[in-house]
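[1] From the sequence below, what's the structure:
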Amino acid sequence: MFQTSLFIDRRDAGVRLAAPIAALTLEDPVVLALPRGGVPVGFEIARRIAAPLDVLVVRKLGVPGHEELAMGAIASGGARVINQEVVRPLQIGPEVIERVAAREQRELERRERLFRGDRPPAPVRGRSVILVDDGLATGATMRAAVESLREREPFEIIAAIPVGAGSSCVTLSRIVDRLLCLEQPEPFYGVGLWYQDFEQTSDEEVRTLLDFNREDAHAHA
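    As a prediction, this is how the structure comes out:
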């Protein structure tokens, strides 16, 4: 029997991930977390390095009937990544992808309004962006996030994840400037297995952490 938990919860993962990030030389850093699960992780990193925290909303494109399987992802700003390793063997046609993408685009826009309200996205041009999630399985959502970010011309993109599948980490490392992944267990099975507490992060918790980060920034301004 293997050890089934590496982290107590997402906040614990964020605290542990913050240490190596704090040791880096960063250019006006900003933390962008993938909601919802990436936000508690990103909050702890942002607090440790005294950086602003914002969300980068990404939606998985699930295979119809098997929604947990990602055939791709979309991100804020119109970025889209298609997972051909899933699409080709299942012979998923473009019309199916477009239908799912249209539905997820509506949900993406709803979540952006919910989490950020009328505030504009955090500026990233010329800055070190720490892109955070609670784990990396197929990597489709993180790749869509990176594609979206590149168009906004950051100084660098640092992908920071507590735990990830080895093959997905290799793929992701090719498209970011730096990758920090604390654990790459083998076999991987799934992200939630490596947390003692992997309860779903609520919309309210996301909003609360974003508000707390802004209040903390104002207090130290």
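[2] Now do the SS call for residue 216.
    Under DSSP: H, G, I helix; E, B strand; the rest coil, residue 216 falls in the helix class.
[3] Moving C-terminal from the longest strand along the chain, which element do we reach first?
    Using DSSP state E, we find that the single longest strand of the chain is strand 66-75. For strand 66-75, the following helix or strand on the C-terminal side (DSSP states H and E) is strand 80-82.
[4] Now do that next one: distance to the chain's middle.
    Centroid separation between strand 80-82 and its chain, computed with C-alpha atoms, centre = their mean, to the nearest Å, is 15 Å.
[5] tell me which residues in that strand are buried?
    81, 82 (16 or more other C-beta atoms under 10 Å). Backbone N, C-alpha and C define where each C-beta goes, glycine included.
[6] counting contacts, what elements does it pack onto?
    If you count contacts as 3 or more C-beta pairs under 8 Å, 6 or more residues apart in numbering; DSSP states H and E, strand 80-82 packs onto strand 66-75, helix 140-150.
[7] Specify the stretch among these that is closest to residue 59.
    Nearest to residue 59, of all the helices and strands packed on strand 80-82, is strand 66-75, at 5.4 Å by C-beta to C-beta.
[8] So for that closest one, mean pLDDT?
    Averaged over strand 66-75, pLDDT sits at 87.
[9] ok, that strand: who's next to it in the sheet?
    In the sheet containing strand 66-75, its partner strands are strand 58-63 (antiparallel), strand 80-82 (antiparallel), by DSSP bridges.
[10] With distance to residue 109 and mean pLDDT added, can I get these in TSV?
    Output for the strands paired with strand 66-75, formatted as TSV (distance: least, C-beta to C-beta, whole Å; pLDDT from 0 to 100):
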stretch	distance to residue 109	mean pLDDT
strand 58-63	10	91
strand 80-82	15	89
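[11] Distance to residue 161 added to those strands, as TSV?
    TSV is the format used below for these (distance: least, C-beta to C-beta, whole Å):
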stretch	distance to residue 161
strand 58-63	13
strand 80-82	17
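[12] Out of these, flag the one nearest residue 152.
    Here strand 58-63 is closest among the strands paired with strand 66-75 (C-beta to C-beta), at 14.4 Å.
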